[in-house]
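> fold the following for me, if possible:
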Amino acid sequence: MDILNTNALDLSRAIATRELSAEELMRATLARIGSVNPSVNAIVSLRDEETLLAEARAADAAEPRGWMHGLPLAVKDLANAAGLPTSMGSPALAGTVAKRDDIMVARMRAAGAIVIGKTNTPEFGLGSHSYNPVFGVTRNPWDLTRSAGGSSGGAGAALAARMVSIADGSDMMGSLRNPAAWNNVYGFRPTWGRIPSEPEGDAFLHSLSTLGPMARCPRDLAALLDTQSGPDPNQPFACSAPPTLPGLEDAPGPMRIGWLGDWGGAYAMEPCLRTASATAVHHFEALGCDAETLDPPFSAAALWNSWITLRSWAVAAKLEPLYRTRPEMLKPEAIWEIERGLGLSAMEVHRASAIRSDWFRKTVALFERFDALVLPATQLWPFPAEWDWPKEIDGTTMDSYHRWMEVVIPVSLIGLPCLALPAGFGDAGLPHGLQVFGPKGSDGRLLQIGQLWHGAQDWTARVPAVPREGPGKGPQG
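Numbers count the residues shown, from 1 in each chain. Here you go, the predicted structure:
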């Protein structure tokens, strides 16, 4: 068995049948991390080797607890895992050890996962480039001079570089989708409320972000989604949903796909990426789908204005205490968000929410015609890792640190489920992806579409050749 290239469910089956031991898997995992992580910097706060091997041996001696029994897992460093630091990429929190697991982490542990450490993320998850003053920058395994995306960039890079077989993440503004595209893996943003976050703050008002899974195949994605899912009694909008793995192989039947492209030119996009994305959409036709190019269904400017209002309001609600006491610990982008949020009036927030409702109603009508809608997952290829964020795309100036990811907000704004799937490689050897989203509750059907796609276009079978010596002079396209 090629342990490092084997997907998570197959590893699980091998452990259950004693074809593979958890200790063997842990040794291979730690050896791979030792080999490539110094170059990629995806795994942070790695636990002691002997302790992890002891836990793997204990797993071999015990009855399986669930499908993740004995699987090494690195948790995104925005979530709490008991006994590990939760730094969130911030000097203000660096070294703060979590006393308990977050709900999602507890569910993955209950399924048998062995938490080995954390995955890197930008400071407080702000921005789609995983760098911070605590752990540094996460580099793209396909070209170490390039960004791995974010905010789940450490998770995406660790999957691509074969340091883990499965990963968790979170998504407010594309954080499960951008790194999936740039690392040639899958990411899934579920229907909002399917996976409960921590019951803190005002759960009634702040509903832009969600947790979710990442993997190298849709089967693993579905298995982890099912493990993470389920209501929590402390959260008002948490919902029950049927499991997605049992029906994954079922044929979804004839499908109508709506291609939204660059939203009629509203989203600045590198021309070669625009072309590559449009070409990739034709693969749906080869799967028997009827694909149709759509005109922009809603004002891009209205969506953007609604988004930046509600996002700044949510960020300010979370980070205002730190802004009042230790502002020097915050990066400029965080301060910008907080100050915008603190300056908003109640009526500005209300108007932004009304736009959100209008867009949701528009999608209801769209999904009467189409089974899924498709957008590019990013607006440019992975950019140099030393940048903080791209200042322009194809001659268009980016007027904020996150404008270059505007293509993700039609999904994020209204909490729809969305599958990020790999869509091939450009001329410079860098990967890209597509977003496939559907109506509320269509998580299982989207994963069925992903399974069909994966069977015909197994891009994730390609493995990046990560040099051990560190960043080099990779392709610049």
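
> who are the neighbours in contact with the nearest residue to Gly136 once chain neighbours are set aside?
Leaving aside its sequence neighbours, Gly136 sits nearest to Asn41 (Cβ to Cβ, 6 or more residues apart in numbering; 5.7 Å). Bear in mind the C-beta positions are built from the backbone N, C-alpha and C, glycine included. The contact partners of Asn41, by Cβ atoms under 8 Å, 6 or more residues apart in numbering, come to Asn120, Phe135, Gly136, Val137, Thr138, Arg139, Gly154.

> with Thr396 instead?
Residues near Thr396 by Cβ under 8 Å, 6+ apart: Ala268.

> one more: Asp443?
Phe188, Pro190, Thr191, Arg194, Leu225, Ala241, Thr244, Pro417 are the contacts of Asp443 under Cβ under 8 Å, 6+ apart.

> excluding chain neighbours, what is closest to it?
Pro417 (4.5 Å).

> okay, and Gly149 sits in which element?
Gly149 is located outside every helix and strand, with elements delineated by DSSP states H and E.

> and the helices in the chain?
Ranges of helices within the chain are 8-16, 22-40, 49-61, 103-110, 153-160, 178-183, 218-228, 271-286, 300-325, 332-342, 346-369, 409-412, 443-456, based on DSSP state H.

> can you tell me the closest non-neighbouring residue to the residue nearest to the spatial centre of the chain?
Against the mean C-alpha coordinate of the chain, by Cα atoms, centre = their mean, the closest residue is Leu176 at 1.4 Å. The shortest distance from Leu176 to any non-neighbouring residue, by Cβ to Cβ, 6+ apart, is to Gly187 (3.8 Å).

> the one you found contacts Pro417, correct?
No: Gly187 is beyond contact range of Pro417, at 11.8 Å (criterion: Cβ atoms under 8 Å).

> quick one, which of these two is more surrounded?
Higher neighbour count among Gly187 and Pro417: Gly187, with 34 against 28, using other Cβ atoms under 10 Å.

> most distant residue from the centre of the chain?
Quick read of the chain (Cα atoms, centre = their mean): farthest out is Ala61, 33.7 Å.

> ok, now how distant is it from Gly70?
According to Cβ to Cβ, to the nearest Å, Ala61 and Gly70 sit 11 Å apart.

> ok, now Asn132?
For Asn132, the distance to Gly70 equals 31 Å [Cβ to Cβ].

> Arg340 too?
When Arg340 is compared with Gly70 (using Cβ to Cβ), they lie 46 Å apart.

> more crowded one of those two?
Shown here are Arg340 and Gly70; by other Cβ under 10 Å, Gly70 has more neighbours (28 against 17).

> OK, contacts around the more buried one?
Ser12, Ile15, Ser21, Ala22, Leu25, Met26, Ala56, Ala59, Asp60, Pro64, Gly112, Ile114.

> any stretches of the stretch 351-477 of the chain with poor pLDDT?
Residues of the stretch 351-477 of the chain meeting the criterion pLDDT under 70: 468-477.

> let's see 50
472-477 (pLDDT under 50).

> can the helices of the chain go into CSV with extra columns for distance to Phe383?
Shown next, in CSV, are the helices of the chain (distance: least, Cβ to Cβ, whole Å):
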stretch, distance to Phe383
helix 8-16, 30
helix 22-40, 17
helix 49-61, 34
helix 103-110, 30
helix 153-160, 12
helix 178-183, 10
helix 218-228, 26
helix 271-286, 12
helix 300-325, 21
helix 332-342, 16
helix 346-369, 29
helix 409-412, 19
helix 443-456, 26
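
> nearest to Glu198, of those helices?
In terms of Cβ to Cβ, the element of those nearest to Glu198 is helix 103-110, at 6.5 Å.

> buried stuff in that closest one?
Neighbour-count burial for helix 103-110 flags Ile103, Met104, Val105, Arg107, Met108, Arg109 (criterion: 16 or more other Cβ atoms under 10 Å).

> of those residues, closest to Ser312?
Among those, Met104 lies closest to Ser312 (Cβ to Cβ), at 25.6 Å.

> how confident was the prediction at that closest one?
Looking at Met104, its pLDDT is 97.

> ok, it - contacts?
Each residue near Met104 by Cβ under 8 Å, 6+ apart is listed here: Ala79, Asp168, Ile195, Pro196, Ser197, Leu211, Gln228.

> so it versus Leu4, what's the distance?
25 Å.

> ok, now Trp307?
39 Å.

> between the two, who's got more neighbours?
Between Trp307 and Leu4, counting by other Cβ under 10 Å, Trp307 is the more crowded of the two (22 against 17).

> quick check: the more buried one vs Trp313, distance?
11 Å.

> likewise Pro327?
Pro327 is 19 Å from Trp313, by Cβ to Cβ.
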